[in-house]
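**Q** One predicted model, sequence on top.
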Amino acid sequence: MILVIVVAVLALLAGLAANRFLRPRLLSEDDDSGMAVKDLVGPLLTLTVLLLAFVLVTANGSYGKAEVSSRGEARALDQLVETAEYAPTAQRAEIQGAAVCYARAVRTQEWPAMADGHGSSAPSVWSTSFRRTFRALEGKSVFGMLVAADNKRSDEREERLTQATASIPSAILWFLLATLAITVIALGTCIPRRNNRGQLITLVVITALLTTTLCIIRDVDRPFGGIINVTPTAIADAEHEATRDFTANHPTTELPCTANGNSRTA
């Protein structure tokens, strides 16, 4: 970073020195002639648009990863429930019951927390329950399949939590906001003072488009909060399927958790 700043400062000083000493020798124009402010606004506007486009692509990529990991986690949980059908009755009940509780904890506790970029410890209680139950199945053919499905679930959850945090640092957002403000002020300075209705309308439209783009970047960079967000639809569907399987296989057994995924014995 220091190198970039030093090079930029040296380039600015070199440009000013060239304007002062080389310009009279290279150009025969009057000292009052040259590029006007409006000539410099075009490159500034281009730079602003390119920066916004680049950051928007980055934020959209983070949003896409969050959505994919959420669906992948739900599929892995559903696979875990289905694989548990091959386990003995006692372990099958524990695994399928813990799967329902895990989905509830993710949907009702961890999802709201991710809106602020945080996770929740509630789902970890049930992932620990999975592993504890698996130990009783070591040596059986179903053991490997259960561990593989649970590892997939764990990886997808980790990716989901990673994408819950903002991928674009606040410093970059503030820089973009400052660039937008400078660009709009520069454009406003260059438009005519009279008979400028068309230019004013264009300025308002450009300001609205740039502002909307920055707002979209800010919103998409928080995949689980804001207006454009990833909803817990997939995990809710997995919870429904797991509840159906648990009820069908163990109609007289009560789920080990409450409606929000907390353990009944806690």
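**A** Yes, it's here. Numbering: from 1, shown residues only.

**Q** Could you give the number of residues near Ile191?
**A** When counting by other CB atoms under 10 Å, one arrives at 13 neighbours for Ile191. Where you see a C-beta, it was placed from the backbone N, CA and C, and this is true even at glycine.

**Q** can you tell me the helix or strand for the nearest residue to it once chain neighbours are set aside?
**A** With sequence-adjacent residues excluded and distances taken as CB to CB, 6 or more residues apart in numbering, Ile191 is closest to Gln199, at 4.0 Å. Taking DSSP states H and E as the definition, Gln199 sits inside helix 197-220.

**Q** re the thing from before, the residue nearest to Ile191: neighbouring residues, count only.
**A** 14.

**Q** From Arg104, how far off is it?
**A** 57 Å (CB to CB, to the nearest Å).

**Q** Also Gly188?
**A** From Gly188 to Arg104 the distance is 54 Å (CB to CB).

**Q** does Leu56 really touch Ile216, like I thought?
**A** Yes - contact criterion CB atoms under 8 Å: Leu56 and Ile216 qualify, at 6.7 Å.

**Q** Average pLDDT for the helix ranked longest in the chain, rounded please.
**A** In terms of residue count, the longest helix belonging to the chain (DSSP state H) is helix 37-83. Helix 37-83 comes out with an average pLDDT of 84.

**Q** Next, the angle from that helix to helix 197-220.
**A** Put simply, helix 37-83 runs at 30 degrees to helix 197-220, going by axes from the mean of the first three to the mean of the last three CA atoms, to 10 degrees.

**Q** Do you have the helices of this protein handy? List them.
**A** 2-17, 23-26, 37-83, 89-105, 111-114, 122-135, 141-164, 170-190, 197-220, 233-249.

**Q** Quick one, which of the ones you listed gets closest to Gly226.
**A** helix 197-220 (4.1 Å; CB to CB).

**Q** do you know how far the residue nearest to Ile191 is from Leu47?
**A** Gln199 is 21 Å from Leu47, by CB to CB.
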